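# coords please:
(one chain, ligands or ions: 2)
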Amino acid sequence: DKKKRIFSGIQPSGELTLGSYMGAIRNWVDLQDEYECIYCIVDMHAITVRQDPALLRKRSINQLAQYIACGLDPAKNIMFIQSHVPQHAELGWILGCYTQFGELSRMTQFKQKSQQHQSNITAGLFTYPALMAADILLYQADMVPVGADQKQHVELTRDIAQRFNGLYSDTFTLPDPFIPKMGARVMSLGNPENKMSKSDPDGCVFLMDKPEDIRRKFKRAVTDSDMSVTFDRENKAGVSNLLTIYCAATGKTLEAAEAEFAGQGYGVFKPAVAEAVVETLRPIREESERLMKDKAYLESVYRDGAQKAQYLATKTLSKVQRKIGF
Ligand code: ADP
Ligand code: NA
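Ligands and ions are numbered 1, 2, ... in the order given. Next up, the predicted model:
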């Protein structure tokens, strides 16, 4: 029977992080055989806050190189850059006309981001969820792997799809948010109460960090004065985060990791976590560096991806246009 379809995207608004790898991209690699996957580099979402143009273009292409280096196979997945497929903008506009101002006002991510960017709260930042709905619905995706922070947007996507289907006739597949069970939640090394994020470079390990940077960042990672390597998110957030990272990097269970460091201090534990991360990221960084130099290859991948995406997107958009009277 037909494979289920998955859509997901990451904004090229910064460098990919250890969090995005352990929480998302690594899971995508596991999904690529069982599902038909569409992985998009969402540069149109990135411009909802101001970006440096040259850097944005470079990051979009580097992100593709890094996806491939992480193990995403361009022959198995559709991988492309959002702005290369104009159907996203077209359907995004249309769906904005089927989305209520009140619904958009309730999005917690808008509330947060508009706090962070008070001097530049654009209409794009506000209507972002309508574009995200278009991203997903254009491909009739069955599932959208998301972090908890994006779940509300997928629910809104379902509401918009259901509304449109109800007004006209069945047009869109209703997508389900899909929170993969394996996905590790990686916290900031400097402030383990917060998610590791590209917007907090101090507490963040990037996929392209050199081994010496990784070692330095883990050396400075916040722990506690208790000295025992045990998992307790509430009382030992820093150590618990390091254990999570160690297990995600080595494939060991929490119990095995706790046993391994029993009776040893953080002076042994922290460098061991750093080394595990260095070895996890080394092949990814080396392959990314090689691919980032091969501009012709990357161009062939994103052109081919955009062509395949457009084929699917056009089918959906034509149906929509016909139904609404274009
Ligand atoms: P965007 O800017 O496109 O919203 P992010 O870079 O914040 O994306 O995240 C990309 C993906 O990686 C999302 O699926 C998100 O849930 C996941 N992710 C990001 N940071 C972490 C983290 N610290 N721990 C686990 N997953 C993360
Ligand atoms: Na995010």
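
# can you map out the strands along the stretch 51-200 of the chain?
Remark: strands of the stretch 51-200 of the chain, listed N- to C-terminal, are 77-81, 143-145, 176-178; assignment by DSSP state E, counting those that start in this stretch.

# how far off centre is the longest one?
It refers to strand 77-81. Averaged C-alpha coordinates place strand 77-81 at 14 Å from its chain's average position (Cα atoms, centre = their mean, to the nearest Å).

# tell me the residues of the protein that contact ligand 1?
The chain comes close to ligand 1 at residues 10-11, 13, 17, 19-20, 23-24, 146-147, 185-186, 195-196, 198, as judged by Cβ under 6 Å from any ligand atom. C-beta here means a position set from N, CA and C on the backbone, and glycine is covered the same way.

# give me the below-cutoff pLDDT ranges for the stretch 151-300 of the chain.
In the predicted model, the stretch 151-300 of the chain carries pLDDT under 70 at residues 180-183.

# all helices of it, in order?
Listed from the start of the chain, the stretch 151-300 of the chain has helices (DSSP state H, counting those that start in this stretch) covering 151-167, 211-219, 237-250, 254-260, 266-293, 295-324.

# so can I have a markdown table of those showing mean neighbour count?
What follows is the helices of the stretch 151-300 of the chain, written out as a markdown table (neighbours: other Cβ atoms under 10 Å):
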| stretch | mean neighbour count |
| --- | --- |
| helix 151-167 | 18 |
| helix 211-219 | 16 |
| helix 237-250 | 23 |
| helix 254-260 | 15 |
| helix 266-293 | 18 |
| helix 295-324 | 16 |
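
# I'd like these laid out as JSON lines, including distance to residue 62.
As requested, the helices of the stretch 151-300 of the chain are exported to JSON lines (distance: least, Cβ to Cβ, whole Å):
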{"stretch": "helix 151-167", "distance to residue 62": "25"}
{"stretch": "helix 211-219", "distance to residue 62": "17"}
{"stretch": "helix 237-250", "distance to residue 62": "23"}
{"stretch": "helix 254-260", "distance to residue 62": "32"}
{"stretch": "helix 266-293", "distance to residue 62": "6"}
{"stretch": "helix 295-324", "distance to residue 62": "9"}
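
# closest to residue 68 out of those helices?
Closest to residue 68 of those, according to Cβ to Cβ: helix 266-293, at 5.9 Å.

# that closest one versus helix 211-219: what angle between them?
An angle of 140 degrees separates the directions of helix 266-293 and helix 211-219 when computed by axes from the mean of the first three to the mean of the last three Cα atoms, to 10 degrees.

# list the helices and strands helix 266-293 packs on?
If contacts are counted by 3 or more Cβ pairs under 8 Å, 6 or more residues apart in numbering; DSSP states H and E, helix 266-293 sits against helix 53-69, helix 211-219, helix 237-250, helix 295-324.

# take the strands of the stretch 51-200 of the chain and write them to a markdown table, including mean neighbour count.
Supplementary listing: the strands of the stretch 51-200 of the chain in a markdown table, determined by neighbours: other Cβ under 10 Å:
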| stretch | mean neighbour count |
| --- | --- |
| strand 77-81 | 23 |
| strand 143-145 | 22 |
| strand 176-178 | 17 |
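
# just put those strands in a markdown table and tack on distance to residue 291.
As requested, the strands of the stretch 51-200 of the chain are arranged in a markdown table below (distance: least, Cβ to Cβ, whole Å):
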| stretch | distance to residue 291 |
| --- | --- |
| strand 77-81 | 12 |
| strand 143-145 | 23 |
| strand 176-178 | 28 |
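
# of all the ones you listed, which one is nearest residue 66?
Checking those against residue 66 by Cβ to Cβ gives strand 77-81 as the closest, at 11.2 Å.

# can you list the strands that that closest one pairs with?
The partner list of strand 77-81 in its sheet, established with DSSP bridges, is strand 36-41 (parallel).

# and the angle from the partner strand to helix 53-69?
Orientation check (the same axes, to 10 degrees): strand 36-41 against helix 53-69 gives 150 degrees.

# so what touches strand 36-41?
Identification of contacts with strand 36-41 by Cβ atoms under 8 Å, 6 or more residues apart in numbering yields 3-12, 28, 31, 60, 63-64, 67, 72, 76-82, 135, 139, 141, 309, 312.

# ok, of the strands of the stretch 51-200 of the chain, where does mean pLDDT dip lowest?
Ranked by mean pLDDT, those end with strand 176-178 at the bottom, a mean of 88.

# which residues does that strand contact?
In this structure, residues lying in contact with strand 176-178 by Cβ under 8 Å, 6+ apart are 6, 142-146, 150-151, 154-155.
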